[in-house]
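> have a look at this fold, sequence not included:
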């Protein structure tokens, strides 16, 4: 199945929380989508169903498909330590996510598009692979001819949360990847242990 390109609010309503950030449409309709969404009696969800929902939510938040998510999970499991935390750290190391975290793009989807369209550099060289995994010390920047792009200028002027594991240089329009984030530095509401339990079945 291809990537979902419909309304983001519909996905947020499915999970019962604004997983893509502030959403006025979600605030108006914070119940499940569908004609019976508001009145439907919710069946008791099984343990498997709860675990699967958490995995689907993580995939939706980071905008990746099943195969890539599975590959990332296998990498996390092979790292040693806490697999669930490793998984989130690897997802945060993706180039599209770091472009979003640095405030260069307003959403992860927009960040992915900037990377795909060759507007983003890593250590001075253009990289157009959104899933590119950054290493400590890498510098992520905006290509010189892309610095006046409206979507980038607007995103940077909007103000964005800054993260201790990233260093931003506004003058150069670039950021340094200082370290993989600790779990407490990742604001996403994901119960990663449920995902580990799902894969452990």
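Yes, it's here. These numbers come from a predicted model, not from an experiment. Numbering: from 1, shown residues only.

> correct me if wrong: residue 64 contacts residue 109.
No: counting by CB atoms under 8 Å, residue 64 does not reach residue 109; the two are 11.4 Å apart. Where C-beta positions appear, they are placed from N, C-alpha and C, glycine not excepted.

> the two: which has the busier surroundings?
residue 64 (23 against 16; other CB atoms under 10 Å).

> tell me the secondary structure at the more buried one.
Here residue 64 is coil, with the state taken from DSSP: H, G, I helix; E, B strand; the rest coil.

> list the contacts for it?
By CB atoms under 8 Å, 6 or more residues apart in numbering, the contact list for residue 64 reads 72, 91, 131.

> I'd say residue 152 and residue 142 touch.
Yes: the pair residue 152 and residue 142 passes the contact test of CB under 8 Å, sitting 6.0 Å apart.

> lowest average confidence, helix or strand, in the chain?
For the chain, counting by mean pLDDT, DSSP states H and E, helix 24-28 ranks last in confidence among helices and strands (a mean of 53).

> residue contacts, residue 161?
Residue 161 sits next to residue 187 when contact means CB under 8 Å, 6+ apart.

> what of residue 69?
Here residue 69 is in contact with 55, 58, 59 (CB under 8 Å, 6+ apart).

> hmm, try it at 7 Å
residue 59 (CB atoms under 7 Å, 6 or more residues apart in numbering).

> give me the average confidence score over the strand or helix carrying it.
Assessed by DSSP states H and E, residue 69 sits inside helix 66-78. The average pLDDT within helix 66-78 is 97.

> just want the angle from whatever helix or strand comes next after that helix to helix 66-78.
Going down the chain from helix 66-78, the next helix or strand is helix 83-92, by DSSP H and E. Inter-element angle recorded for helix 83-92 and helix 66-78: 130 degrees (by axes from the mean of the first three to the mean of the last three CA atoms, to 10 degrees).
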